[in-house]
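**Q** quick one: sequence plus predicted model below, questions after.
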Amino acid sequence: MSEKSYAHEFKKGVLKDNPVLCLLLGLCPALAVSTSIELALGMGAAVIFVLTASNLIISLLRGQIPVTVRIPSFIVVIATFVTVVDMTMLAFLPPLHRALGIYLPLIVVNCIVLGRAEVFASRNPPAISVVDGLGMGTGFTLALMLIGGIRELFGTGEIFFMGHTLLQVNIEPAMLMILPPGAFFVIGLLLGLINLLRDR
Amino acid sequence: MNGEGLRHYHRSLIFGLVGAIISIFLVSYYSRAIMVVGFGVFLIFLGVLSSLYVIRQCLSSDELRGAMGTIARFTLIIMVATSTLAITHEVTEMHIAAANELELAFSELMPGATRFMPVLDRDNEVIYYEAFDDEGMLIGYAFVSVKDGYAGPIEVAGAIDLNYRVVAITIMRQTETPGLGDKITTPQFLDQFTNVTVEELHLSPHGEIDAITGATISSQAVVDAIREKTMEIEAMT
């Protein structure tokens, strides 16, 4: 594989095949934990780790995993990594763990992770699979941060990150944006915008 | 493989899968290293059992080898997965237990409460806990407060009722002088706090709490820790 195709695989996950905004995968966490940039980043980091690690392992085992039980095998690998993240976060980052709640263990059934295992990692060599996982994970994280940023900005009037206020605007905070309907509005408008740009 | 053999082959796979799922769940929630070894043995047993099943039913030796290979590989994947989880558990156990230790301390302070819900600030850090009884009624608040004593930070856990009267307190961590400052952990000192209001939470003669002789700074730190946190909770509720 040449340098160019590594870059291509990475860019594909972020732009053309962005899991949330283009493939419409993983919408459940995208709707639920996008109330702030910080939360979105935490969720994104967990997904990047799980996606990259499971892509690597599945790609390494691709000759060994029996075809008849490949989906259970993928799930076992993914569930293991998710549980590792879950336990580690509970031990060292309890506030983030509390905020992510059920959506952290739910990464197991995230269609992005299983999808990449089935479509990409089980058919490609390890290095390119890792790049694919990183790209898809980054795309997911950026999409989540975009949605989270918009909701946080209009919902609270400021963007708060790592204990600092990054951006503040003088608008009346619209509680609706933080509430679940806000997530649907933002994702819907973003999808519309992207389709508009694509048609041009 | 004929239809009959195929059906038995699938059945044995389902056995293995169910065992695997159960073991993953159990191991991730309750695991001890010894349990993983137990489950490993259980899975091998399951694998042998299902292989025997297939041996009895399968016809050609090629199919047999294929089926055995599948079972062996899947069992191996699951064993590696459970071992990974067990190692992670060993590493994180202590840190997670520290959080549970708090819950345990709270239930001792407030025996009527069955559930403690954290109240968070913007950074998702816990400010205090709301204590609920088994009917889901709010019956008080529980908290942890840290204050510098004579020889280091003193971590105090306390419970107060809805009128902001202290129910009970306990010392979670302290490094005060042995035989002197560390008397703050004795029941004689801690029991004085029961039923005391915020206004009375001062050392005597200004309040209700008698300081330990020769350990005024340690006593003061405990009283201040409780009073400041109680006032914070009172201001927020």
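**A** Perfect, I can see it now. Numbers count the residues shown, from 1 in each chain, chains lettered A, B, ... in the order given.
**Q** give me the residues contacting the helix or strand of chain A with the lowest mean pLDDT.
**A** Across the helices and strands of chain A, mean pLDDT, DSSP states H and E gives its lowest value to strand A:164-168, namely a mean of 71. Strand A:164-168 is contacted from outside by A:L153, A:G157, A:E158, A:I159, A:F160, using C-beta atoms under 8 Å, 6 or more residues apart in numbering or on different chains. Yep, even glycine has a C-beta here, placed from its N, CA and C like the rest.
**Q** and the last one, how close does it get to B:E228?
**A** Read that as A:F160. A:F160 sits 26 Å away from B:E228, going by C-beta to C-beta, to the nearest Å.
**Q** who has more neighbours out of those two?
**A** Set A:F160 next to B:E228 and count neighbours by other C-beta atoms under 10 Å in any protein chain shown: A:F160 wins out with 17 against 14.
**Q** beta partners for the more buried one?
**A** Assessed by DSSP bridges, A:F160 has beta-bridge partners A:T165.
**Q** buried set for the longest helix seen in chain A?
**A** Longest helix in chain A, counting residues (DSSP state H): helix A:126-156. Buried residues in helix A:126-156, defined by neighbour count with 16 or more other C-beta atoms under 10 Å in any protein chain shown: A:126, A:128-156.
**Q** and what of stretch B:81-92?
**A** Across stretch B:81-92, burial judged by 16+ other C-beta under 10 Å covers B:A81, B:T82, B:S83, B:T84, B:L85, B:A86, B:T88, B:H89, B:T92.
**Q** in helices, which of these appear?
**A** Under the assignment DSSP H, these contribute B:A81, B:T82, B:S83, B:T84, B:L85, B:A86, B:T88, B:H89, B:T92 to helices.
**Q** tell me the contacts of the last one?
**A** By that I understand B:T92. If you count contacts by C-beta under 8 Å, 6+ apart, then B:T92 has A:M87, A:T88, A:L90, A:A91, A:F92 around it.
**Q** ok, which of these also contact chain B?
**A** The subset of these lying close to chain B, counting by C-beta under 8 Å from any C-beta of the partner chain, consists of A:M87, A:T88, A:L90, A:A91, A:F92.
**Q** filter the residues you listed to the buried ones?
**A** Among those, the ones that count as buried by 16+ other C-beta under 10 Å are A:M87, A:T88, A:L90, A:A91.
**Q** check contacts around the most centrally placed residue in chain A.
**A** In chain A, the C-alpha nearest the mean C-alpha coordinate belongs to A:F140, at 3.4 Å (C-alpha atoms, centre = their mean). Contact analysis of A:F140 by C-beta under 8 Å, 6+ apart lists A:N18, A:P19, A:V20, A:G26, A:A30, A:G44, A:V47, A:I48, A:L51, A:I112.
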